[in-house]
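Colleague: The sequence and its predicted three-dimensional model are supplied below.
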Amino acid sequence: MFMSYRDWEVYMGAEINVIKTTLPKMIREFEITNFSQTLLDSGAACVSHSIVSSAYYWEGEMISEEEWAIEVKVAVAKIDVILEKIKEIHPYDIPQILVSKYKSSIDYFEWVAKNSVRN
């Protein structure tokens, strides 16, 4: 069934929080899984990870390297807990921590809300 833009606006009327961070590539995948599990145990609904190429300046030197990109979906009720947990367990001196709100389908919003407050 075709949905008009207006129909999508109603369907996509809920917002979820997404936190993005990066971790060093030297961390092995099972350690990324442990990092993710810690966030899930703290109230994140979903944690995704993938390898990305990053370029940035650090202490005056241009750095170009691969890193793990981490994306965490979380309900508003748990965002402060997850942000504190990321700061606590993150290996970087100055971690990238970005928080955005995204419109989502009602069904996905409800899933995120249910799975963010399970503990």
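Modeller: It's in. Numbering: from 1, shown residues only.
Colleague: After the lowest-mean-pLDDT helix or strand in the chain, which helix or strand is next?
Modeller: When each helix and strand of the chain is scored by mean pLDDT, DSSP states H and E, helix 5-11 comes last, with a mean of 60. Next helix or strand after helix 5-11 toward the C-terminus (DSSP states H and E): strand 14-24.
Colleague: who touches stretch 58-78?
Modeller: Contacts of stretch 58-78 with the rest of the structure, by Cβ atoms under 8 Å, 6 or more residues apart in numbering, involve 16-25, 27, 32, 35-36, 39, 42-57, 82, 86, 112-113, 116-117. For every residue, glycine as well, the C-beta is placed using N, CA and C.
Colleague: Now that we have those residues, which of them are buried?
Modeller: Neighbour counting by 16 or more other Cβ atoms under 10 Å classes 16-19, 21-23, 32, 35-36, 39, 42-47, 49, 82, 86, 112-113, 116 among those as buried.
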